[in-house]
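Peer 1: Provided below for reference: sequence and predicted model.
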Amino acid sequence: MKKFLSLVLALVMTMSLVTVSAGAKDFTDDSEITYKEAVDVISALGVVDGYSGGDFRPDDVLTRGAAAKIICNLILGPTTASALSAGTAPFKDVPVTNTFAGYITYCSQQGIISGYADGTFRPTGTLSGNAFMKMLLGALGYDSSIEGYTGPNWTVNVAGRAYEIGLTAGNDEFVGAQACTREQAALYAVNTLKTTLVEYTDRGSEITVNGAVISTAASVPTYVTSSVYNQATSINADRDNSGDYTVEFAERYQPDLTMDRDTDDFGRPSYTWAWKNRDIGTYVDYSLMVAEYTTGVSGRELYNVLTASTIRNADLDVYVDGVEPDEADTIDKSDLSRSNQDDVGVTDNGVLTQVWYDDDNNTVIVTEINTYVGTVNAITKATSSADRFVTVASKDTFVSLNTKFETEDFAIDDLVSFTAAWNASTRLYEIQAVKTLEKSLTGTLTQYTGKTYTSSKWDGQSNFSVDGTKYKYSANAYIDSSNNAMN
């Protein structure tokens with residue numbers, strides 16, 4: 001007998017699991033921002049701000065004049081930079097009355113920027129990614145003439161150095177010839193904050209002996225170092241052979257900015273940015289992630305990605321929705337073996353399992369994040385003292401769930417997916433992200449095996465078919481048998 005089925009699949013939620021923004025500015029177009037961490041940090045510093053309407057406009061193209069302002073804000077801070085002025089026109093198309101004249105003059109005097117052969121700067125012209133990288137390299141101490149950032153091959157030299165020192169990190173699709181957008185500029189600026197400054201012991205010289213010009217070669221750039229280290233932004237700071245610390249851009253120019261090692265609500269390795277002792281946000285450190293799965297994971301798979309020596313020598317921490325599970329449910333080192341082809345922990349179809357290796361602490365971390373199904377059953381409007389929030393009724397049995405979630409989205413009876421993490425202080429699971437269920441269909445239920453559990457998990461074989469297409473259950477699938485609906 002055919003049954004008609006209204007089906008909604010709860011997909012793994014990965015999009016909203018990146019950041020917990022505490023003091024970051026909220027822009028009206030936040031959902032359009034790809035590099036949210038970078039925009040949060042840079043806007044907190046006032047280096048790149050939003051517009052009067054409350055939007056950030058991440059895809060707007062950066063102009064050459066605006067880029068000079070960013071450089072000055074990074075080095076001097078926005079208050080000091082805003083007081084810059086030009087006594088004389090720095091370029092023939094940049095009069096002293098130009099909005100960016102002071103910024104352009106400063107950058108020109110510092111050797112960070114240069115104009116065109118015709119004596120113009122073209123402040124309203126589009127700035128390419130390579131051109132912005134050249135400016136950032138100059139701010140870090142690299143000499144354009146020594147490093148070959150001028151002449152016919154300047155883009156090759158700039159792009160090579162920028163990639164080498166991590167200025168393009170986070171944008172795997174960097175194309176230097178393309179125009180730089182506002183949010184890309186924010187990303188590259190944040191990378192600059194974390195990058196080590198350089199200096200030259202000898203910039204080379206020319207002397208004339210008996211009428212002959214003799215040139216001496218410049219030294220290679222070396223890291224700026226200091227015997228003092230008291231700036232948490234120096235997450236990448238290393239000691240040199242003399243025992244001194246390398247000095248990063250933020251350590252010298254933005255000493256009120258800090259970046260401390262942390263963990264997010266799900267137990268994942270993270271770091272927290274703060275500005276003048278006020279948290280900006282906590283962000284997952286994906287550089288430490290070894291592997292990621294959205295299906296069941298066998299002990300053999302984890303053994304292969306971690307290697308035997310790591311498993312043998314490292315500590316192992318496992319978190320499920322932010323809490324360490326009971327001893328009987330956790331993943332033990334003995335589970336991580338070449339011979340174990342069974343799924344480990346609570347890994348399952350629809351569970352986001354992420355594996356991390358923290359080299360500094362020699363620790364393997366496994367985090368498992370469930371996606372649950374729920375319904376919005378109440379909305380509380382914003383007041384003068386509180387933001388709007390919704391109440392989510394979970395389809396799962398949550399005995400300790402804080403059902404409230406601050407958001408401007410969703411309406412009554414919306415079917416949603418959500419994640420929740422354990423809060424040891426409140427002794428409740430706190431909702432971390434809510435999204436409208438992404439995939440839905442209505443069709444004829446042509447095959448249905450029912451739900452089968454093995455050790456409190458799906459057995460991996462349970463499935464159903466709609467109009468002949470087979471689907472596997474997600475770990476937290478919900479079936480309402482009263483109306484043949486499945487979520």
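Peer 2: Yep, it's here.

Peer 1: isn't there a strand covering Arg261?
Peer 2: Yes. Per DSSP: H, G, I helix; E, B strand; the rest coil, Arg261 lies within a strand segment.

Peer 1: and for the closest residue in space to it that isn't next to it in sequence, the neighbour number?
Peer 2: Of all residues not flanking Arg261 in the chain, Tyr271 sits nearest, at 5.6 Å (Cβ to Cβ, 6 or more residues apart in numbering). Where you see a C-beta, it was placed from the backbone N, CA and C, and this is true even at glycine. Here the number of neighbours of Tyr271 (other Cβ atoms under 10 Å) works out to 20.

Peer 1: OK, contacts around Tyr271?
Peer 2: Residues counted as contacts of Tyr271 (Cβ atoms under 8 Å, 6 or more residues apart in numbering) are Ile235, Met259, Asp260, Arg261, Asp262, Thr282, Tyr283, Asp285.

Peer 1: repeat that for Ala101.
Peer 2: Taking Cβ under 8 Å, 6+ apart as the contact definition, Ala101 lies against Ser85, Ala86, Ala89, Pro90, Val94, Pro95.

Peer 1: hang on, the second one packs against Ile104?
Peer 2: Pointing back at Ala86 there. Yes. Counting by Cβ atoms under 8 Å, Ala86 touches Ile104, with 7.4 Å between them.

Peer 1: so for the nearest residue to Ala24 once chain neighbours are set aside, what's the pLDDT?
Peer 2: Among residues not flanking Ala24 along the chain, Asp40 sits closest, at 3.8 Å (Cβ to Cβ, 6+ apart). At Asp40, the predicted lDDT confidence score is 95.

Peer 1: what's in contact with the strand or helix carrying Asp40?
Peer 2: Using DSSP states H and E, the element containing Asp40 is helix 36-45. Helix 36-45 has contacts (Cβ under 8 Å, 6+ apart) with 18-19, 21, 23-25, 27, 30, 33, 48-50, 56, 58, 73, 77-78, 170, 183, 186-187, 189-190, 193, 254, 257, 273, 275, 280-281, 283.

Peer 1: and the residues you listed, which are buried?
Peer 2: Applying 16 or more other Cβ atoms under 10 Å to those, the neighbour count classes 18-19, 21, 24, 27, 30, 33, 48, 50, 56, 58, 73, 77-78, 170, 183, 186-187, 189-190, 193, 254, 257, 273, 275, 280-281, 283 as buried.

Peer 1: follow-up on the earlier one: quickly list what the residue nearest to Arg261 is bridged to.
Peer 2: Arg261, Tyr283 (DSSP bridges).

Peer 1: one more: Asp317?
Peer 2: Ile365.

Peer 1: count of neighbours near it?
Peer 2: By the criterion of other Cβ under 10 Å, Asp317 has 18 neighbours.

Peer 1: same question, Gly148
Peer 2: Gly148 has 16 nearby residues by other Cβ under 10 Å.

Peer 1: likewise for the one 5 residues further on?
Peer 2: Residues contacting Asn153 under the criterion other Cβ under 10 Å number 11.

Peer 1: again with the one 10 residues further on
Peer 2: One way to gauge burial is a neighbour count; for Tyr163, by other Cβ under 10 Å, it gives 14.

Peer 1: that one looks like it's in a strand, true?
Peer 2: No. Going by three-state DSSP, the assignment for Tyr163 is helix, not a strand.

Peer 1: if you skip the residues just before and after it, what's nearest to it?
Peer 2: Spatial nearest neighbour of Tyr163, chain neighbours left out: Phe174 (7.8 Å); criterion: Cβ to Cβ, 6+ apart.

Peer 1: test my guess that that neighbour contacts Gly166.
Peer 2: No. Phe174 lies out of contact with Gly166 (Cβ under 8 Å); the separation is 11.5 Å.

Peer 1: and those two? Which one has more around it.
Peer 2: Taking other Cβ under 10 Å, Phe174 and Gly166 do not tie; Phe174 has more neighbours (20 against 14).

Peer 1: next, work out how far apart that one and Leu76 are.
Peer 2: According to Cβ to Cβ, to the nearest Å, Phe174 and Leu76 sit 27 Å apart.

Peer 1: same check, this time on Asp321
Peer 2: Distance of Asp321 to Leu76, given as Cβ to Cβ: 45 Å.

Peer 1: mind checking which of these two has more residues around it?
Peer 2: Using other Cβ under 10 Å as the criterion, Asp321 and Leu76 rank with Asp321 on top: 21 against 16.

Peer 1: buried subset of the contacts of Tyr271?
Peer 2: By neighbour count, with 16+ other Cβ under 10 Å, the contacts of Tyr271 hold Met259, Asp262, Thr282, Tyr283, Asp285 as buried.

Peer 1: could you list the low-pLDDT ranges of the stretch 51-200 of the chain?
Peer 2: For the stretch 51-200 of the chain, not a single residue meets the criterion pLDDT under 70.

Peer 1: same check, this time on the stretch 301-450 of the chain
Peer 2: 327-329, 438-442, 448-450.

Peer 1: now the helices for it?
Peer 2: 308-313 (DSSP state H, counting those that start in this stretch).

Peer 1: any chance you could map the strands in it?
Peer 2: With DSSP state E, counting those that start in this stretch applied, the stretch 301-450 of the chain shows strands at 315-320, 352-358, 363-369, 372-380, 389-394, 401-402, 404-406, 415-423, 428-436, 439-448, listed in chain order.

Peer 1: nearest to Met133, of those strands?
Peer 2: Nearest of these to Met133, taken as Cβ to Cβ: strand 352-358 at 30.3 Å.

Peer 1: who does that closest one pair up with?
Peer 2: strand 289-293 (antiparallel), strand 363-369 (antiparallel).

Peer 1: can I get it as CSV, trimmed to CA atoms?
Peer 2: Output in CSV follows, covering the C-alpha atoms of strand 352-358 (Å, rounded to 0.1, in the frame of the first residue of the first chain):
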residue,chain,number,x,y,z
LEU,A,352,29.7,16.2,12.4
THR,A,353,32.8,14.4,13.7
GLN,A,354,36.0,16.5,13.6
VAL,A,355,39.5,15.2,14.6
TRP,A,356,42.1,17.6,15.8
TYR,A,357,45.8,17.4,16.8
ASP,A,358,47.2,20.0,19.1
